[in-house]
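Participant: Let's see this in three dimensions:
(chains A and B)
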Amino acid sequence: MPQLSKDVRHTVTMTLNGDVVSGYAEPRMLLSDFLTHEIGITSCHVGCEHGVCGACTVLVDGTVMRGCLTLAVQADGTTVETSESLASDDNELSELQLAFKKHHGLQCGYCTPGILMSLTAYLKETPKPTEEELRDMLTGHLCRCTGYVGMVKAVLDYCENRTDG
Amino acid sequence: MSEAFLIVLRQPINQWALAVEKVRYVGEPVALVVARDRYIAEDALSEIDVVYEAMKPIIDQEEAISDDAPVVHEAVGSNVVSTRDFTYGDPDTAFAEADKVVKMKVRYPRNSQTPLEGFVVTADYHQGENLYDVASNYQGPFTSHPVMSMALRVKNSQLRMRTPQWSGGGFGVKVQIFPYVVLICLASKKTGKPVKWVEDKLEHLSAAAAAPNRLVQMEAAVKNDGTVTGFRFDQQDDYGAFLRAPMPGPLYRMHGILTGAYDIKHLSVTNRVVMTNKCPGAMVRGFGGPQMYYAIERIMQKVAIELDMDPLDVIRKNVVPAGVFPYRAAAGALIDSGDYPAAIEQAVNEGALNELKKHRDEMRAAGKKYGIGYAVIVEPAQSNMGYLSNILPRDERQRNPKGGAVANATVNVDPLGTVSVTADSIPQGQGHMTILSQIVADVLGLTPDHIKVNLDFDTAKDAWSIATGNYSSRFSSATTVACLKAAEKVKAKLSRIASQTLNVPAEKLEFVDGKIRDPANPENGINFYRAAGTAHWTPGNLPDDMEPCVRETGSWSPPELESPNEKDQINTSLTYGFVFDFCGVEIDQDTGEVRIDKYVTMHDSGTILNPLLADGQVHGAFAWAVGCALYEEFVYGDDGSFLTGTFADYLVPTSWEIPEPQIVHMESPSMVTPLGAKGIAEGNCMSTPVCLANAVADALGVEDITLPMTPARIGAMIHGEEKPPANNKSVAAAPIKGQGNVLRGTGDTFVPADPQEVWNTLLDPEALASVIPGCHKLDLVGENSYQADVSLGVGPVRGRFKANVALTEMVEPEKATLSGGLIGSLGASRGSGHVSLSAADGGTTVTYDYAIELTGTVASVGGRLLEGAAKALVNQFFQRLGAQVGGTPVTGEASWWRKLLRSLGLAK
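Facilitator: Numbers count the residues shown, from 1 in each chain, chains lettered A, B, ... in the order given. Purely as a prediction, here's the structure:
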């Protein structure tokens, strides 16, 4: 592991949602703060900043990570995906997103990007979860608005009727 | 720089945006750092050394009212800052003539729906205009706008408040951002720059908002047939350290409907407002309803038990009967519509109550603890802005009567005929834009996707009033009506314009499919956009008295919302929905865990404007209510320490804990609102906690149920209080009065050096400094007494502390007692421990025990994190001790505990 000086701002370069981006970060800077304040994306929401709520969840090299428990410098040289990656280039929502819309799977939307990213990774491994399996997986996220009902319906509907693979 | 915040009561309870002279609760802001980014600001924060003189706190609300309790506000002279008595009907006679008087004492805990997104404020002071331009997630009610502008010493128009239409959850909580709005405004004025503040979760949980905890002593006058003829309430709300507007709302918002869903004519009420050293009470979803119905529905179950009746039969016997609406409740609520008996029967049938009862009997026969609970409530919506007037004596409130609830919305049609809408509802994801587009589209004969709704809110540009905002489920009965009125004005105007062209009287025209036409001759019509265009392109062609453009604002205040009358009756809300819930729960007899087996919730919320969105509100309210019933509570130690500062301590339910409730609907349109709609977003916050409590009471056969019904509490009811774990290795740790968070631990470790060497190291300040984790400096300040400067971190909390440690009861080289304390910006600790050294093969076995009591911020991160961290620190200490005396490098290979330390953020 490289030794980094704590007082220096280091260059962090990553492939973010398909584009190579660079910014500066002190070693202590959180990935969530880096993505928001240094790069300028808006989907990495910080809820609790101690790893419980899951709102800041992103994929780093395909692995589900909490943006608030990851340092920006750890993501140097990686591929990072956030929920901005889900819609098509001409801004058509993905089928999973459309299912959330159809079933009122979100209200304020603050928790939604993190949940979508966890689902993106999870549904690759488990394309057709039972409701019980899905609810178990969703315990990694907190939602205060919906009671989880709409999002569970959305994911089950999507898994049943998806045409995107 | 500022004035103290205005409060409802005429009492010297002065609060500013930062603590002045005295800090009254953990989390009260004492200093603000402005920096280029949050990292630098937090660095600077840790350099601020605040020296507190500790005073005796008052935490328990029952102790707070005793004469010798410490007083939170000396100038008031008592912790009871308001007492009001109310009588309706003739309760004394009702109780004298009762066959039975049923009494109950219940408590409702402190909690909050804790949105994931905390407070956010940006403030920009414009010196030339003396204007504060604020963007924040403030949600109203705008009754607190003048509270802010007066604190800032500016006119209302010099405080521009903007709220974006997308913000992350409010649940009432985000009105309490206002002291921080003022603080950030002052920071902008002082620095001459725009200043942004984003609250973190520790700040939010400890200091943002808490629904007041309530103690209710209640009595019901009961006839032997189950009829309840009177209620007596003694309600005592604990508002914490300050009364922030609109407090004490929770005690008065429900006032008109204090008899709940019951036809009870005789009522007496005593309301007390109590102050303690806790976070100020706040507006939180349900707003007084959860507390009130917890008392009413618990006592109704007890009435049934004492009369040996089915609880549902007692409910049926006492609910407001069918056919009497509008019904004036004893304390003044004008219940607009409903059919409670029919709603109950519909839910019983659709929810299959008989099968649930059969299931309960089977479960019980199999030895399980299974219970059924019921709750029936009336859900008020759209608060009367005069409801708090009842806290003032009659003559005082008559000098300045308050009542009503104004709503505003504007419909605009541009030169090409496209329609846009703005309104005063400040949504947080409820779907207001969807519903307003439906309403306007229906009136104007367009489709909802033709209507662009923008609910960004701006006091400098939008129509607003004190009732503006997102609270008390006001949207569906208030903003929708203002929007309907605005759309109808637009329709009337365009009808007159079209009438000129079509030669048909304006009032006869219909708006269909983007056309304005004569229903008798549909061919005779013009396009909607053409009629609208006339008002822009050729205003000269308009009727003589007509103004150009098409922009209409609808403002509405329902006449039913009057000020309190001379009998103290008040119609506290405009609409009153009905909720009836029943549920089955099973209790795990080993763990005490409550499992919700079935939950049925019946809602009569008048006309439903959008079924999907309505159910979304029910699901959200239900989920939070399950949290209130089973998990969520803001906990304080006796010393005032706040103990639930993370989501690992303040437990929010996940998808696993929240079952999907069965929702049953009935629609009795309201006659006091043109669309017939009532509120639906708060009912389950009021019904569900007590419904679950009644089910648990039924399962266990107990009366005294305390929320939240955690496994520890329920387990104690089944098995008795939990005993501390037996630990044979324990060498009697020094007793400490458990106040804040207490950490205890014991253990032993092997150090590869003989006892004398270990002893010498422990007594050598220089050597000890290199052994203590995070130690920057260690000085000998007296005989065997040390002062150290150490950095420590646990989870989200880290900081620099001054430590004082003394060694006593020393027997060289065998044993010693350590005692001392730690103090820093994040809190303090006191503790003691024992160390004993015994020679073992090739070294020394060190046996130790410790008990440490924590207060302040560090206490709020909770036992789960702290215990692990403390163990890790102790391990680290002994490893370094071993290295010091045995010469092994301190930074060796990554041992298991170093990995643990890393995972806790305590090591690199």
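Participant: Next up, the contacts around residue 122.
Facilitator: Here I'm looking at chain A. Going by C-beta atoms under 8 Å, 6 or more residues apart in numbering or on different chains, residue A:122 touches A:64, A:129, A:137. C-beta: built from backbone N, CA, C; applies to glycine.
Participant: nope, chain B
Facilitator: Applying C-beta under 8 Å, 6+ apart, the residues near residue B:122 are B:134, B:135, B:136, B:184, B:194, B:195, B:196, B:197.
Participant: again, 6 Å this time
Facilitator: Taking C-beta atoms under 6 Å, 6 or more residues apart in numbering or on different chains as the contact definition, residue B:122 lies against B:135, B:196.
Participant: Then residue B:751?
Facilitator: By C-beta under 6 Å, 6+ apart, residue B:751 lies in contact with B:758, B:843, B:844, B:846, B:881, B:882.
Participant: How about the last one, nearest residue that isn't a chain neighbour?
Facilitator: Distances taken as C-beta to C-beta, 6 or more residues apart in numbering or on different chains place residue B:751 nearest to residue B:882, at 4.5 Å, with adjacent residues excluded.
Participant: And that neighbour, how far from residue B:845?
Facilitator: 8 Å (C-beta to C-beta, to the nearest Å).
Participant: Repeat that for residue B:214.
Facilitator: 54 Å.
Participant: When those two are compared, which one has more neighbours?
Facilitator: residue B:214 (26 against 15; other C-beta atoms under 10 Å in any protein chain shown).
Participant: May I have the beta-bridge partners of that one?
Facilitator: residue B:108, residue B:237 (DSSP bridges).
Participant: what residues does chain A put near chain B?
Facilitator: Residues of chain A lying close to chain B by C-beta under 6 Å from any C-beta of the partner chain are A:47-48, A:50, A:52-53, A:55, A:104, A:107-108, A:110-111, A:135, A:138-139, A:142, A:144-149.
Participant: if you look at the residues you listed, which of them are in helices?
Facilitator: A:135, A:138, A:149 (DSSP state H).
Participant: Dump those to CSV, plus neighbour count, distance to residue B:233 and pLDDT.
Facilitator: Formatted as CSV, these follow (neighbours: other C-beta atoms under 10 Å in any protein chain shown; distance: C-beta to C-beta, whole Å; pLDDT from 0 to 100):
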residue, neighbour count, distance to residue B:233, pLDDT
A:135, 20, 40, 98
A:138, 23, 41, 98
A:149, 24, 35, 98
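Participant: Need the residue closest to the centroid of chain B.
Facilitator: A centroid search over chain B (C-alpha atoms, centre = their mean) returns residue B:112, at 2.4 Å, as the residue closest to the centre.
Participant: Quickly note the distance from that one to residue B:284.
Facilitator: 5 Å.
Participant: shared neighbours of those two, anything?
Facilitator: Common neighbours of residue B:112 and residue B:284 (C-beta under 6 Å, 6+ apart) are B:173, B:211.
Participant: And the pLDDT at residue 82?
Facilitator: Using chain A here. pLDDT, residue A:82: 98.
Participant: meant chain B actually
Facilitator: 96.
Participant: now residue B:519
Facilitator: The model's pLDDT for residue B:519 equals 97.
Participant: how far away is it from chain A?
Facilitator: Between residue B:519 and chain A the computed distance is 36 Å (C-beta to the nearest C-beta, to the nearest Å).
Participant: residue contacts, the most centrally placed residue in chain A?
Facilitator: Nearest to the mean C-alpha position of chain A, by C-alpha atoms, centre = their mean, lies residue A:58 at 3.2 Å. Residue A:58 makes contacts with A:65, A:67, A:80, A:82, A:117, as judged by C-beta under 6 Å, 6+ apart.
Participant: export those to TSV and tack on secondary structure, neighbour count and distance to residue A:9?
Facilitator: Converted to TSV, those look like this (DSSP: H, G, I helix; E, B strand; the rest coil; neighbours: other C-beta atoms under 10 Å in any protein chain shown; distance: C-beta to C-beta, whole Å):
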residue	secondary structure	neighbour count	distance to residue A:9
A:65	strand	20	22
A:67	helix	29	19
A:80	strand	24	19
A:82	coil	23	22
A:117	helix	26	27
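Participant: Distance to residue B:158 added to those, as TSV?
Facilitator: TSV is the format used below for these (distance: C-beta to C-beta, whole Å):
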residue	distance to residue B:158
A:65	46
A:67	39
A:80	44
A:82	40
A:117	43
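Participant: was I right about residue B:575 contacting residue B:677?
Facilitator: No: judged on C-beta atoms under 6 Å, residue B:575 makes no contact with residue B:677 at a distance of 7.7 Å.
Participant: Below-threshold pLDDT in chain B: ranges please.
Facilitator: For chain B, the stretches with pLDDT under 70 are B:722, B:724-741, B:794-797, B:825, B:862-865, B:886-908.
Participant: Show me which residues of it sit near chain A.
Facilitator: Residues of chain B lying near chain A (C-beta under 6 Å from any C-beta): B:113, B:115-117, B:168-169, B:201, B:428-429, B:612, B:616, B:619-620, B:622-623, B:646-648, B:652, B:654-656, B:658, B:660, B:795-796.
Participant: Mutual contacts of residue B:575 and residue B:677, please.
Facilitator: residue B:477.
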